[in-house]
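> Give the three-dimensional model of this entry:
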Amino acid sequence: MEQSLEIDFKEYMTIYEIAEKKFNKKSTNDYFINKLKQTILELPSENKITTINLETNYYDKQFEKYVKEMYLKSDVDLFFFNYESKQVLIKELNAFVSKDTFYKYYRKLTPNEIILGGNLDIFISKKISQKLREIIKVVSSKGRWGWRTHTFENYKNRFGYLSFDEVMKKLNCSFATTQRLINEKLLVVSDQYGDRKLFDKDHVLELHSEQEKLIEKYKKNYYSSKQIQEKYNDSFAHYIKGSEDKVRRKITKVDPPLLLISYFGVQMKLYKKAEIDNLWEDYKLYRDMNSMSLEEPFDDFIYKVEQVLNIKFTTKQKNTKLLWYQYVEKFLISTRMSDKSRIIFQTNQFARCTELIFNIFKREIYSYSASEINKRFLNDSINIRRSYQRDFYIFLKQMLETFSIEGLPSPYNIDELCNPKNFKRIKEVATDIYSLEEYHELYNHTNRVTFHKEKAIQDVTNLIKQWIIQNINDMTVVGYIS
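Below is the predicted model of the structure:
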């Protein structure tokens, strides 16, 4: 409600005063203060705490803070007079009975739970809590339930058994997992006392020993998704866990053994460490190769060659490196590409081609014969991408033209080299498994629908124009001859 008349501040409390006096929380705990404000507003109508919104901020001297809302003290006191904390009640009664027993009778009373403060600050009516105290008092002392518990413990200890709860604690398993262990015959029920299952202590210790061995084995050889996230980063963990359909390389996923479900987490897949570590190198290379942090494509090409792929050139390759770099730079300048994805694709192509060329040819390229070059790189039978072969052929052609202009002797004639355009079998990619980077390049390239559509239309238009020009020329020649 809005402030309409002058109020007596002694009749009201600030949010900080409520937090300290009723919850023993510091006024600096902003998270709790905000949750308390929110839950006060959400109280049921029968438990509403009158709130006034001040026109001007009120300075709370005790906590040295300004506030905009005040809460009627009598309403606050009335709430805490009629309700008490569920957690405090559990702690009090757990001194007499187990938590399972507490909840057994608590649920029978069907209490109406009210949250005021944090998510765990649950309050119930004192009428309900008083009834529960009376029930627990009877059950835990002279009641039939108390005697049954006493006799059960004597029986269990006499025969060296463990209870269901003790097994859960020893194996660090949830109720559901422990029940699955029983259903799948890994955990054997040795005896039963009424409706309570009992288990041989030695059998449980053997399971615990096996569990510890499994933990060591799986910790050594497998990652959970959380461990991948901690060792590498969030995006890589998400890439593995949430986008496995996009991972080109097959990843081995296994379910943890039943004894390790509670250790690794429910519904948690495990991944082989060796596979993930290797995939990280591919993933990191892919991210580096598909970034474009430099303004000039040629600078980006050099960065990928020398920093990402870490290609090392020998002194016997220095002139070839210089000529190749000049060729790449000239190409990138002359094409004037503006599409970022296309620039990344092209610089990656050149970077990968560079790696291939300088791994195959360990000396200056002009020290090889034409037949050697054809055998190693320019033929249709070897497993080299056609685009790499075309770039290499054009590079050699321009190198020979440069030699001719400079008056240098040519190591071979261009006609001696095999032209990839004349290869009969069209093969754009190798038949082996793509690298992560190549797969994503191909995926992105093939999905540029608008680009390919426009290019196809342009290609057809050019062919029609050439056909018309050719026909006109043929008609002209025929007319001239006749």
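> can you give me the helices in the stretch 151-300 of the chain?
Remark: helices assigned in the stretch 151-300 of the chain by DSSP state H, counting those that start in this stretch are 164-171, 175-183, 201-221, 225-231, 234-242, 261-264, 273-289, 297-303.
> Can you add mean pLDDT and mean neighbour count and give the ones you listed back as JSON lines?
Using the backbone N, CA and C atoms, a C-beta is placed for each residue, glycine as well. As requested, the helices of the stretch 151-300 of the chain are exported to JSON lines (pLDDT from 0 to 100; neighbours: other Cβ atoms under 10 Å):
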{"stretch": "helix 164-171", "mean pLDDT": "92", "mean neighbour count": "17"}
{"stretch": "helix 175-183", "mean pLDDT": "90", "mean neighbour count": "15"}
{"stretch": "helix 201-221", "mean pLDDT": "89", "mean neighbour count": "14"}
{"stretch": "helix 225-231", "mean pLDDT": "78", "mean neighbour count": "16"}
{"stretch": "helix 234-242", "mean pLDDT": "68", "mean neighbour count": "16"}
{"stretch": "helix 261-264", "mean pLDDT": "78", "mean neighbour count": "19"}
{"stretch": "helix 273-289", "mean pLDDT": "72", "mean neighbour count": "17"}
{"stretch": "helix 297-303", "mean pLDDT": "84", "mean neighbour count": "20"}
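> Which one of those lies nearest to Thr335?
helix 297-303 (8.8 Å; Cβ to Cβ).
> counting contacts, what elements does the closest one pack onto?
helix 318-335, helix 340-360 (3 or more Cβ pairs under 8 Å, 6 or more residues apart in numbering; DSSP states H and E).
> Looking at those, spot the one closest to Ser225.
Nearest to Ser225, of the helices and strands packed on helix 297-303 and by Cβ to Cβ, is helix 340-360 at 29.2 Å.
> What residues of that closest one count as buried?
Using 16 or more other Cβ atoms under 10 Å as the test for burial, helix 340-360 gives 342-355, 357-358.
> just those residues now: which is nearest Ile405?
Using Cβ to Cβ, the buried residues of helix 340-360 come closest to Ile405 at Ile357, 23.0 Å.
> list the contacts for the closest one?
Trp324, Ile365, Phe377, Phe392 (Cβ atoms under 8 Å, 6 or more residues apart in numbering).
> make it 7 Å
By Cβ atoms under 7 Å, 6 or more residues apart in numbering, the residues touching Ile357 are Trp324, Phe392.
> ok, so what distance separates it from Arg196?
Computed as Cβ to Cβ, to the nearest Å, the Ile357 to Arg196 distance reads 76 Å.
> quick one, longest strand in this structure?
strand 51-60 (DSSP state E).
> can you confirm Lys10 is in a helix?
Yes: assigned with DSSP: H, G, I helix; E, B strand; the rest coil, Lys10 falls within a helix.
> count of residues packed around it?
Other residues within reach of Lys10, judged by other Cβ atoms under 10 Å, total 7.
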